[in-house]
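> Fold the following, please.
(one chain, ligands or ions: 1)
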Amino acid sequence: MFKEEIEKMGLESCYGDFEDFKSRVLEKNKVMNLTTITEDEEFNIKHFLDSLSLLKLEQIQGVKRMLDLGTGAGFPGFPLKIAKRDLDVTLLDSLKKRIDFLNESIEDMGLEGIKGIHARAEELSRKEDYRETFDLVTSRAVANLATLYEYCLPFVRVGGYMVAMKGPDIEGELQEGQTALKTLGGELVEVRKVDLPLDIEHTLILVKKVKTTPKKYPRAGGKPRKNPIGL
Ligand SMILES: C[S@@+](CC[C@H](N)C(=O)[O-])C[C@H]1O[C@@H](n2cnc3c(N)ncnc32)[C@H](O)[C@@H]1O
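Numbers count the residues shown, from 1 in each chain. Reported below is the predicted structural model:
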């Protein structure tokens, strides 16, 4: 089923790389915690097809430099790089072992224009080389929206986008995140429902950066998570 789905997307030439990366994740998963999804087809759908659902957003087409924040075992950033070789991808996570695994995989697979960085989002976005420099910041399963806006938006250049990958029930989080979104210079563009095989329904929250983020954000000391803006 996966092969047919990626053929439909015109990505059949990438099939070998998807299989290669999956083997690496599953092999490493025996010695460290990378994913609870180990069954083949479930992995293909929940990790690969879900990550690739971002390509349905037309705003993604012109993106050159993207950051995947809280990438874990590389989702969605790694599959996006496999699918779009001209994309410059930074994979960010605060767990060093996961970033070490990703950098080893990048090297072994001979990929260029992709790197893993071990840091906390709130600290890295204060550095000049990273602040407001990305065309796109993605994030899946990292935090609630109000917190996530404070993690992600400082990295996005004005005119760029952030996409939060969420489950089906998102209304409450969207409401709660409104103050944070406005404070940090974001504007909600679209809430797109995505249907995946096995009747899985996910939601993509597409936000545009319309104004620069005030210098005092993100706040230090774990505040974005403990005390989200507006809550
Ligand atoms: C539940 S995992 C999700 C991983 C991946 N995005 C996925 O969907 O499979 C959340 C990841 O976010 C990372 N993370 C959480 N807070 C972070 C922060 N403030 N800065 C960087 N990484 C963070 C964690 O270390 C963890 O690997």
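> can you give me the strands for this structure?
Under the criterion DSSP state E, the chain contains strands at 65-69, 88-93, 114-118, 134-140, 156-166, 186-196, 200-209.
> want to throw these into TSV with mean neighbour count and distance to residue 19?
Using the backbone N, CA and C atoms, a C-beta is placed for each residue, glycine as well. Converted to TSV, the strands of the chain look like this (neighbours: other CB atoms under 10 Å; distance: least, CB to CB, whole Å):
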stretch	mean neighbour count	distance to residue 19
strand 65-69	25	21
strand 88-93	23	19
strand 114-118	19	18
strand 134-140	25	21
strand 156-166	21	23
strand 186-196	14	19
strand 200-209	19	21
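> end-to-end on stretch 159-175?
End-to-end distance of stretch 159-175 (CA to CA, to the nearest Å): 23 Å.
> to the chain's geometric centre, what's the distance from that stretch?
On the basis of CA atoms, centre = their mean, to the nearest Å, stretch 159-175 sits 12 Å off its chain's mean C-alpha point.
> Kindly report the same for stretch 54-64.
With CA atoms, centre = their mean, you get 13 Å for stretch 54-64.
> now the end-to-end length of stretch 213-231.
For stretch 213-231, the end-to-end distance is 19 Å (CA to CA).
> ugh, typo on my part, it should be stretch 1-21
OK, stretch 1-21 end separation, CA to CA: 18 Å.
> ok, and what's touching stretch 31-50?
Identification of contacts with stretch 31-50 by CB atoms under 8 Å, 6 or more residues apart in numbering yields 1-2, 5-6, 18, 22, 25-26, 28-29, 72-73, 75-76, 79, 97-98, 101, 140, 165, 194, 196-198, 200, 202.
> among these, which are in reach of the ligand?
72-73, 75, 98, 140 (CB under 6 Å from any ligand atom).
> ok so, going back, now render the strands of the chain as TSV, adding mean pLDDT and distance to residue 224.
TSV is the format used below for the strands of the chain (pLDDT from 0 to 100; distance: least, CB to CB, whole Å):
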stretch	mean pLDDT	distance to residue 224
strand 65-69	98	12
strand 88-93	98	15
strand 114-118	98	18
strand 134-140	98	13
strand 156-166	98	14
strand 186-196	96	14
strand 200-209	97	16
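> Out of those, flag the one nearest residue 127.
strand 114-118 (10.5 Å; CB to CB).
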